[in-house]
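Novice: the amino acid sequence is not available; the structure is as follows:
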């Protein structure tokens, strides 16, 4: 083996841009398939406001290998970021692209002034990224979901302990969807 064949591709993480949409949608389709439209996370995204400024793409050698999207929701009268989908090309998973995307997204949410990130996902994977199971019954989603998959990451001390209520559209959702020129 040569040194070149052992080289790990450089991972670049950049904000998602409108021109990335087709490649992002194709990656999400490959990662989740058509079954994703039946999941409770899709019900949330139907009313949540997309936060394009807090969503990121991972690139290796000019190829899209990962994406994480974030959305603004309301939980018990508090603005909360809802993370997902997180989709990573199979080969890039070996290089930590998913974890890097989640860390970048959580930092962006914190920098934007949010104190919690909520998601529906696999606890053993997300635990290493500082997510924890929301106590049963504290947060309700618009459809059936295994309560062990409702996870939260506190971006400031004790923020997760304060999280309680139904996940709903945030009052600013319509303004954000209209875009900066119309908001």
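Specialist: Structure's in. What do you need? Quantities reported herein were computed from a predicted structural model and do not represent experimental measurements.

Novice: now do the strands in this structure.
Specialist: Counting by DSSP state E, the segments of the chain that form strands are 11-15, 49-50, 56-60, 63-75, 78-88, 116-120, 132-133, 139-140, 150-154, 165-169.

Novice: which among those strands is found nearest to residue 109?
Specialist: Among the strands of the chain, the nearest to residue 109 by C-beta to C-beta is strand 78-88 (4.5 Å). Any C-beta I mention is one placed from the backbone N, CA and C, and that applies to glycine too.

Novice: I'd like the distance between the residue nearest to residue 101 when sequence neighbours are not counted and residue 168.
Specialist: In this structure, residue 101 finds its nearest non-sequential neighbour in residue 68, 4.2 Å apart by C-beta to C-beta, 6 or more residues apart in numbering. Taking C-beta to C-beta, to the nearest Å as the measure, residue 68 falls 22 Å from residue 168.

Novice: rewinding a little: what's across from the residue nearest to residue 101 in the sheet?
Specialist: residue 56, residue 86 (DSSP bridges).

Novice: can you tell me the closest non-neighbouring residue to the spatially most central residue of the chain?
Specialist: Among the residues of the chain, residue 83 comes closest to the average C-alpha position under C-alpha atoms, centre = their mean, at 2.5 Å. Residue nearest to residue 83 in three dimensions, not counting chain neighbours: residue 119, with 4.3 Å by C-beta to C-beta, 6+ apart.

Novice: what's near enough to touch the one you found?
Specialist: Counting by C-beta atoms under 8 Å, 6 or more residues apart in numbering, residue 119 touches 41, 82, 83, 84, 126, 131, 151, 152.

Novice: I figured the second one hits residue 73, correct?
Specialist: Yes. Counting by C-beta atoms under 8 Å, residue 82 touches residue 73, with 4.8 Å between them.

Novice: now do the shared contacts for the two.
Specialist: Going by C-beta under 8 Å, 6+ apart, residues that sit against residue 82 and also against residue 73 are 44, 48, 118, 167.

Novice: I'd like the distance between the third one and residue 165.
Specialist: In this case it means residue 118. Distance, residue 118 to residue 165, by C-beta to C-beta: 11 Å.

Novice: so these two - more neighbours on which side?
Specialist: Between residue 118 and residue 165, counted using other C-beta atoms under 10 Å, residue 118 has the larger neighbour count: 24 against 14.

Novice: measure that one to residue 96 for me?
Specialist: Counting by C-beta to C-beta, the gap from residue 118 to residue 96 is 23 Å.

Novice: circling back to that earlier point, neighbour count for residue 68 and residue 168, which is higher?
Specialist: Neighbour comparison, residue 68 and residue 168: the larger count goes to residue 68, with 28 against 17 (by other C-beta under 10 Å).
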